[in-house]
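A.B. asks: Okay, here's the prediction I keep looking at, along with the sequence it came from:
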Amino acid sequence: MTTSTLISIIVVVAVVLAVAVVAGVVLNRRRRISLREKDETPTAKGGGYQAGSGISLASGGGATTATPPEHPVDDRTEVEGQPGIGDDAAVPRDSAKRGIVDVELPNGQATEAPEAPESPEVPEQSAAEPEAPARPEAPAAPEAPAAPEAPATPEAPPVPEAPAEPEAPEKPEVPEKPAAPEPEPAAPEQVEEIEPTAGRLERLRGRLSRSRSTFGQSLLGLLGAGDLDEDSWEEIEDTLLMADLGAATTTEITERLRSEVASRAIRSPEEAGALLREVLVDALGTGMERSVRALPHGDPADGGKPAVVLVVGVNGTGKTTTTGKLARVLVADGRNVLLGAADTFRAAAVEQLATWGGRVGAEVVRGKEGADPASVAFEAVSRGSETAVDAVLVDTAGRLHTKTGLMDELGKVKRVVEKKAQVDEVLLVLDATTGQNGLMQARVFSEVVDVTGIVLTKLDGTAKGGIVFQVQRELGVPVKLVGLGEGPDDLAPFEPGAFVDALLK
Ligand SMILES: Nc1nc2c(ncn2[C@@H]2O[C@H](COP(=O)(O)OP(=O)(O)OP(=O)(O)O)[C@@H](O)[C@H]2O)c(=O)[nH]1
């Protein structure tokens, strides 16, 4: 064997070995189990509306709203609790740098850090950022950045979950004392004159009669035409479905209409109209308790406790606006109100609420941007009790119902407030223009904070309103208020009869 042949054999053997080593490394990596959790959370326009009365207020503690949430799963119209198309399409305005910070509460009461472990905080990321930026192996966060200036103070929160906080490096987990909520005295000189309820409703009537819906016209056209064939009934069903009433409610309403048309021998359009109204109003449930429990427990000046109202919902549905409008209703009723700006994530929201507070002469308790919302809510309720107000309205940050971390945070806000006082009302604000998605939101929020009433906003901007039927049917939670515009007094009580009249116009 020549030397060159020997060298060739050695080269070939070396190449084969190199290929084998590389292939082995690749296969080994593929088989390795990734321990990093995926960041995906489990997947989970109204015609004219003329409210006939003022907003009904009640004090808490009594019988709750409607029947307890039932969950007739068989009747559900969407699929297994999965978000529908477009659920995550809207990127929350402020979703980029969200984090939960456990801090000491005023009065030395710690927030409930121990309860958190069941659901480790995942970094919040917007739909626009599907891949979590490869998180640097989270350094045992607390000690490193805080060490030089903040000599481990005794209050330093234990923060067991700290490693899960993606913002930890840039935002050291120093005690949030400086972020302690600051009561902001109202500026009485700026207080606006609030229109009395009666006049306000008159004004809304005028405005709402401008909008029209094809829903009522097509239904009345079909029903009033006399002898209905199968095609006509199908069209009626389609019309109901397109108005967002949902499959179960649509079937129920169509069946009832069929039997009533047969037994009552409906002949004229007027008779058809009366029947349709009756059936729709019945489907909305006339017996539900719709007063807003925002009146105090006893006389606050005599040791009574203020009512506590939490306002929750996804981003941009109108929570802050509704909180402000509700404050005006209460103040117009002669009540003292305190506002808690627990939307510590969006600085503009705090300013927005402070403006509402100034307009009605209500004190506003606010936290610094990024402060723990539970801490702010707690302080607001404490302050409200001390100053003997009639109601504390707490505005919370918008959160996508599909983000587990944010929903956990909301649950914590409620639990922490409950350490101080009973939460009388949890109002879920739904944007009427979002249709079916509102149903999913309602279900998730209901599970987390036990929603007691729905506020359906932007009804002035939609021809649909059928989501009301579904939300009430599936959750047993009544729609209590409707938002009819951006104006300070564009909030009205929900009345089934008036609502159906608006739908049928
Ligand atoms: N047309 C109409 N617009 C409304 C109504 N309610 C609120 N809006 C508008 O909806 C927008 C969002 O309202 P906000 O009160 O800021 O919503 P939010 O839920 O507090 O927002 P985040 O705190 O970011 O989640 C604002 O432009 C409001 O003026 C309503 O009933 N009708």
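C.D. replies: Good, I have the coordinates. Numbers count the residues shown, from 1 in each chain.
A.B. asks: So the closest residue to the ligand within the stretch 351-500 of the chain, which state does it fall into?
C.D. replies: Nearest residue of the stretch 351-500 of the chain to the ligand, counting by CB to the nearest ligand atom: G398, 2.1 Å away. For the C-beta atoms, the positions are set from N, CA and C on the backbone; glycine is no exception. Under DSSP: H, G, I helix; E, B strand; the rest coil, G398 falls in the coil class.
A.B. asks: Might one say that it is in contact with A348?
C.D. replies: No. Counting by CB atoms under 8 Å, G398 does not reach A348; the two are 11.7 Å apart.
A.B. asks: quick one: which of the two has more around it?
C.D. replies: The neighbour comparison of G398 against A348 (other CB atoms under 10 Å) goes to G398, with 24 against 12.
A.B. asks: Distance-wise, check that one relative to G453.
C.D. replies: Using CB to CB, to the nearest Å, we find G398 at a distance of 18 Å from G453.
A.B. asks: Could you do V16 as well?
C.D. replies: 74 Å.
A.B. asks: More neighbours: these two, which one.
C.D. replies: G453 (24 against 10).
A.B. asks: Next up, the contacts around the more buried one.
C.D. replies: T65, R290, V292, E425, V426, L427, L428, V477, P478, V479, K480, L481 (CB atoms under 8 Å, 6 or more residues apart in numbering).
A.B. asks: Please apply the same query to V413.
C.D. replies: By CB under 8 Å, 6+ apart, the contact set of V413 is L310, A342, P373, A374, A377, V394, T396.
A.B. asks: same deal with S268?
C.D. replies: G224.
A.B. asks: Equivalent analysis for P296, please.
C.D. replies: S59, G304, K305, P306, A307, D390, A391.
A.B. asks: picking that back up, filter the contacts of G453 down to the ones in strands?
C.D. replies: Secondary structure from DSSP state E places V292, E425, V426, L427, L428, V479, K480, L481 of these in strands.
A.B. asks: what bridges to the first one?
C.D. replies: Going back to what we said before, that points to V292. On the basis of DSSP bridges, V292 is bridged to L57.
A.B. asks: Can you report how many residues neighbour it?
C.D. replies: Neighbour number of V292 under other CB under 10 Å is 25.
A.B. asks: do the same with the fourth one
C.D. replies: Applying other CB under 10 Å, we find 25 residues neighbouring L427.
A.B. asks: and the gap between the residue nearest to the residue of the stretch 351-500 of the chain closest to the ligand when sequence neighbours are not counted and the ligand?
C.D. replies: In space, and not counting its chain neighbours, G398 is closest to N315: 3.3 Å by CB to CB, 6 or more residues apart in numbering. Distance, N315 to the ligand, by CB to the nearest ligand atom, to the nearest Å: 4 Å.
A.B. asks: export the ones in strands among the contacts of G453 to a markdown table and tack on distance to L439 and pLDDT?
C.D. replies: Shown next, in a markdown table, are the ones in strands among the contacts of G453 (distance: CB to CB, whole Å; pLDDT from 0 to 100):
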| residue | distance to L439 | pLDDT |
| --- | --- | --- |
| V292 | 22 | 93 |
| E425 | 21 | 95 |
| V426 | 17 | 95 |
| L427 | 17 | 95 |
| L428 | 11 | 93 |
| V479 | 12 | 92 |
| K480 | 17 | 93 |
| L481 | 18 | 92 |
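A.B. asks: List the contacts of T457.
C.D. replies: Per CB under 8 Å, 6+ apart, neighbours of T457: T317, G318, T321, T322, V429, L430, D431, A432, V482, G483.
A.B. asks: before we move on, back to that, which of the contacts of V413 has the most neighbours?
C.D. replies: Highest count within those by other CB under 10 Å belongs to A342, 33 neighbours.
A.B. asks: Report the buried residues of the helix or strand harbouring E255.
C.D. replies: Taking DSSP states H and E as the definition, E255 sits inside helix 247-264. By neighbour count with 16 or more other CB atoms under 10 Å, helix 247-264 contains the buried residues A248, T249, T250, T251, E252, I253, T254, R256, L257, V261.
A.B. asks: As a markdown table, those with pLDDT and distance to R383 would be great.
C.D. replies: Below are the buried residues of helix 247-264 laid out as a markdown table (pLDDT from 0 to 100; distance: CB to CB, whole Å):
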| residue | pLDDT | distance to R383 |
| --- | --- | --- |
| A248 | 90 | 45 |
| T249 | 91 | 43 |
| T250 | 93 | 48 |
| T251 | 94 | 50 |
| E252 | 93 | 47 |
| I253 | 94 | 48 |
| T254 | 94 | 53 |
| R256 | 94 | 51 |
| L257 | 92 | 53 |
| V261 | 87 | 58 |
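A.B. asks: nearest to R473, of those?
C.D. replies: When the buried residues of helix 247-264 are compared for distance to R473 (CB to CB), T249 wins out at 5.8 Å.
A.B. asks: And the nearest residue to the closest one once chain neighbours are set aside, what's its pLDDT?
C.D. replies: In this structure, T249 finds its nearest non-sequential neighbour in F469, 4.6 Å apart by CB to CB, 6+ apart. Reported pLDDT at F469 in the predicted model: 89.
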